[in-house]
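Chemist: The amino acid sequence is not available; the structure is as follows:
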């Protein structure tokens, strides 16, 4: 009886698959960034691809113009969530 064996080796990975190898799916938990990467208008939310995670954190009440402080871009945003609480964010 001959066994079918696949062997793959790189500097970081060594993999051997034989006929008795059981491959189980590995699912990472969903990871969310601590801060949004960008703000998006509501009409763009509807145009996002299927199964894309979008978190609507609130409505933008005020978005200050982009400034450069210390050579870094800076913007201030004021948001209101569904409980009518107001939040002031400093975006760098």
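Modeler: Arrived safely. Because the structure is a prediction, the values reported are computed rather than measured.
Chemist: List the neighbouring strands of the top strand by length along the chain plus their orientation.
Modeler: When the chain is parsed with DSSP state E, its longest strand is strand 72-80. According to DSSP bridges, strand 72-80 has the following sheet partners: strand 59-63 (antiparallel), strand 67-69 (antiparallel), strand 86-91 (antiparallel).
Chemist: and of those strands, who's closest to residue 21?
Modeler: Checking the strands paired with strand 72-80 against residue 21 by Cβ to Cβ gives strand 86-91 as the closest, at 48.7 Å. No exception for glycine: its C-beta is placed from N, CA and C like everyone else's.
Chemist: Can you give the distance of that closest one from its chain's centre?
Modeler: With Cα atoms, centre = their mean, to the nearest Å as the basis, strand 86-91 stands 20 Å off its chain's centre.
Chemist: what's the answer for stretch 58-70, then?
Modeler: 22 Å.
Chemist: returning to that earlier point: quick one: the strands paired with strand 72-80 as JSON lines, columns for mean neighbour count and mean pLDDT too.
Modeler: As requested, those are exported to JSON lines (neighbours: other Cβ atoms under 10 Å; pLDDT from 0 to 100):
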{"stretch": "strand 59-63", "mean neighbour count": "12", "mean pLDDT": "87"}
{"stretch": "strand 67-69", "mean neighbour count": "9", "mean pLDDT": "89"}
{"stretch": "strand 86-91", "mean neighbour count": "12", "mean pLDDT": "87"}
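Chemist: quick one: which of those is nearest residue 76?
Modeler: The minimum distance between residue 76 and the strands paired with strand 72-80 falls on strand 86-91, with 5.8 Å, by Cβ to Cβ.
Chemist: Can you give me the buried ones in the longest strand of the chain?
Modeler: Buried residues in strand 72-80, counted by 16 or more other Cβ atoms under 10 Å: 77, 79.
Chemist: Make a markdown table from the strands paired with strand 72-80 and add distance to residue 29 to it.
Modeler: Shown next, in a markdown table, are the strands paired with strand 72-80 (distance: least, Cβ to Cβ, whole Å):
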| stretch | distance to residue 29 |
| --- | --- |
| strand 59-63 | 29 |
| strand 67-69 | 36 |
| strand 86-91 | 26 |
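Chemist: now for the ones you listed, which one comes closest to residue 28?
Modeler: Of all these, the one in closest proximity to residue 28, counting by Cβ to Cβ, is strand 86-91 (28.0 Å).
Chemist: Much appreciated, bye for now.
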